[in-house]
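Colleague: build the 3D model from these lines:
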Amino acid sequence: MVHLRRCLYAVCIALMASAAVGLATSPVAAAAKEKSSMTPEEKKARSKECSAEADKQGLHGKERHKFRAKCKRETSETKS
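Modeller: Next up is the predicted model:
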């Protein structure tokens, strides 16, 4: 019984370690690193542009938040 527990423990540790390595090297992790390619000044300027566009459209609340998030995301994707 003790031997079985040790084996299960070892298998669990191995699975968690492989999952951690997989997450660290996944395309999502790589995309997160690439996202920071814009300088803080560029991000601020883009945020202001998106806010101005939301103002033109008269957006408020959730709609404004969604629009600005999409606007900033699309710009960062086209820049890289």
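Colleague: now do the contacts for residue 54.
Modeller: Contact analysis of residue 54 by CB atoms under 8 Å, 6 or more residues apart in numbering lists 64, 67, 68, 71. All C-beta spots, glycine's among them, are computed from the backbone N, C-alpha and C.
Colleague: let me know the pLDDT of the last one.
Modeller: Looking at residue 71, its pLDDT stands at 94.
Colleague: how close does it sit to residue 10?
Modeller: 49 Å (CB to CB, to the nearest Å).
Colleague: with residue 55 instead?
Modeller: On the measure of CB to CB, residue 55 and residue 10 end up 59 Å apart.
Colleague: following the host helix or strand of residue 56, which helix or strand comes up?
Modeller: Per DSSP states H and E, residue 56 falls inside helix 40-57. For helix 40-57, the succeeding helix or strand toward the C-terminus, using DSSP H and E, is helix 61-79.
Colleague: could you report the neighbour count for residue 38?
Modeller: Around residue 38 there are 17 other residues, counting by other CB atoms under 10 Å.
Colleague: tell me where the model's unsure across the chain.
Modeller: In the predicted model of the chain, residues 1-8, 11-12, 22-36, 76, 78-80 satisfy pLDDT under 70.
Colleague: domain ranges for it?
Modeller: 1-35, 37-80 (automatic domain parsing).
Colleague: which residues touch residue 75?
Modeller: 46, 49, 50.
Colleague: one more time with 6 Å, if that's ok
Modeller: residue 46 (CB atoms under 6 Å, 6 or more residues apart in numbering).
Colleague: ok, it to residue 52 distance?
Modeller: 13 Å.
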